[in-house]
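Colleague: Sequence plus the predicted model coming up.
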Amino acid sequence: MKNKRIKIGNREIGEGCPCYIIAEMSANHAGDLNRAVEIIHAAKEAGADCIKIQTYTPDTMTINSDKKYFHIDDGTWKGENLYGLYQKANTPWEWHGWLKEEAEKTGIHFFSTPFDKSAVDFLEELGVEFYKIASFEIVDIPLIKYIASKKKPIIMSTGMATLGEIEEAVETIKAQGNNQFCLMKCSSAYPAVPEQMNLKTISHLKNTFNVPVGLSDHSLGSVSAVVAVAMGASIIEKHFCLSREIKSPDSTFSMEPDEFKRMVEDIRAAEKSIGKVSYSISENEAVSRSHRRSIFVVKDIKRGEAFTEENIKVIRPADGLEPKYYEQVLNRKASENIERGTPLKWTMIS
């Protein structure tokens, strides 16, 4: 069964379409609106199809508490309190309209991840055309139901989720009459490590749910993204920053513009390399075919003399008889005098 496509604006996403590449700004504006605008322009120049932000406040994510449950004990954000982390990382809601307008002027799609119903309502007022559901929210069934009810395309990450949890989230979307969604393989570690990426899951997700599947990639570098495209990913999402020297909660695992641009170039080259199932001979291969092996005369042969392993050989180039006829020709007689270095033809054999 052919995997279906979804449509975002004028772009179709899915099998047979160019990979849709998302630059995730996240916290990399580091609290500076001008930097956020600059990130949008840099993402466009680097080849991104879309810029993504996140819509939340510390109070819509958690509560301000010093209890042990709200402290991060390991990983990139070790030692942080959840409320304090989200204070540092959030994108002010009053910026959203400016950023959306700037993205539209720049010619790049704009969307966001809402983390509660108030964020969805806010984004609806802005006229955002599609939504992202984060891996951590895949178990928030009421939120997924509310987002799906807007009947807009959804990109949903599946990091940390069991197959059963993914199925429940998918059924929640479908129950709202929304079939415009795709799934993102994701390793919710920051940064993710290659040996835990399990990119083979991309094919399984495609076959199980019959929807476009992508990769939300938190690993360093571009190898996983390019491999994912080769394995059928229709969307790639990577965190994007102007420079890792500009510190933010996400800067350590984000790509700089030149790195992102190289990744996009590699993805586009990979797409061309994947091509289609074909046993036809390309134009460039046709030139190379002339240098394949064939049967040549390697010693002068007189008319009536037998062809032997000493006077004919299978060598390059391909101007003589095909090698498969070699044993058939041995011990037959020459019908004419043949000089060394002559490609053997049937007319030369009596």
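Modeller: Sure thing, it's come through.
Colleague: What residue spans form the domains of this structure?
Modeller: Here the domain assignment for the chain is 11-274, 283-348, based on automatic domain parsing.
Colleague: Pick the most deeply packed of those.
Modeller: Greatest average neighbour count among the domains of the chain goes to domain 11-274 (a mean of 18), per mean count of other Cβ atoms under 10 Å. Where C-beta positions appear, they are placed from N, C-alpha and C, glycine not excepted.
Colleague: picking up where we left off before, could the domains of the chain go into a markdown table alongside mean pLDDT and distance to K4?
Modeller: Below are these laid out as a markdown table (pLDDT from 0 to 100; distance: least, Cβ to Cβ, whole Å):
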| stretch | mean pLDDT | distance to K4 |
| --- | --- | --- |
| domain 11-274 | 96 | 6 |
| domain 283-348 | 97 | 34 |
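Colleague: Make TSV from those and add distance to R5 to it.
Modeller: TSV is the format used below for the domains of the chain (distance: least, Cβ to Cβ, whole Å):
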stretch	distance to R5
domain 11-274	3
domain 283-348	31
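Colleague: what about the helices in this protein?
Modeller: Assignment of helices within the chain using DSSP state H yields the ranges 33-45, 58-61, 82-89, 93-106, 117-126, 141-148, 163-175, 201-209, 223-230, 257-274, 283-289, 326-329.
Colleague: tell me the angle of the first one relative to helix 93-106?
Modeller: Spelled out, that is helix 33-45. Orientation check (axes from the mean of the first three to the mean of the last three Cα atoms, to 10 degrees): helix 33-45 against helix 93-106 gives 30 degrees.
Colleague: Quick one: list the elements packing against helix 33-45.
Modeller: On a contact count with 3 or more Cβ pairs under 8 Å, 6 or more residues apart in numbering; DSSP states H and E, helix 33-45 meets strand 50-55, helix 93-106, helix 257-274.
Colleague: export these to CSV and tack on distance to A23?
Modeller: Converted to CSV, those look like this (distance: least, Cβ to Cβ, whole Å):
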stretch, distance to A23
strand 50-55, 5
helix 93-106, 10
helix 257-274, 7
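Colleague: So for H41, which of those sits nearest?
Modeller: helix 93-106 (5.9 Å; Cβ to Cβ).
Colleague: How far off centre is the closest one?
Modeller: 26 Å (Cα atoms, centre = their mean, to the nearest Å).
Colleague: hmm, back to that, of the helices of the chain, which approaches A306 most closely?
Modeller: With Cβ to Cβ as the criterion, A306 lies closest to helix 326-329 of these, at 9.9 Å.
Colleague: which other residues reach the closest one?
Modeller: 295, 307, 312, 314, 321, 344, 349 (Cβ atoms under 8 Å, 6 or more residues apart in numbering).
Colleague: Verify the stated contact: the fourth one with V298.
Modeller: This means V314. No - using Cβ atoms under 8 Å, V314 makes no contact with V298, being 10.1 Å away.
Colleague: quick revisit: and the helices and strands packed on helix 33-45: which comes nearest I235?
Modeller: Closest to I235 of these is strand 50-55 (Cβ to Cβ; 9.1 Å).
Colleague: Show me the strands paired with that closest one, marking each as parallel or antiparallel.
Modeller: strand 20-24 (parallel), strand 109-114 (parallel) (DSSP bridges).
Colleague: which residues touch E271?
Modeller: Listed by Cβ under 8 Å, 6+ apart, the contact partners of E271 are 18-19, 229.
Colleague: Dump those to a markdown table, plus distance to K206.
Modeller: Listed next are those as a markdown table, based on distance: Cβ to Cβ, whole Å:
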| residue | distance to K206 |
| --- | --- |
| P18 | 17 |
| C19 | 14 |
| V229 | 13 |
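Colleague: which of those lies closest to P257?
Modeller: Looking across these and measuring by Cβ to Cβ, the closest to P257 is C19, at 18.5 Å.
Colleague: Hmm, V229 and that closest one touching each other?
Modeller: Yes - applying Cβ under 8 Å, one finds C19 in contact with V229, separated by 5.2 Å.
Colleague: Name the residues contacting each of those two.
Modeller: By the contact definition Cβ under 8 Å, 6+ apart, C19 and V229 are jointly contacted by 236, 267, 271.
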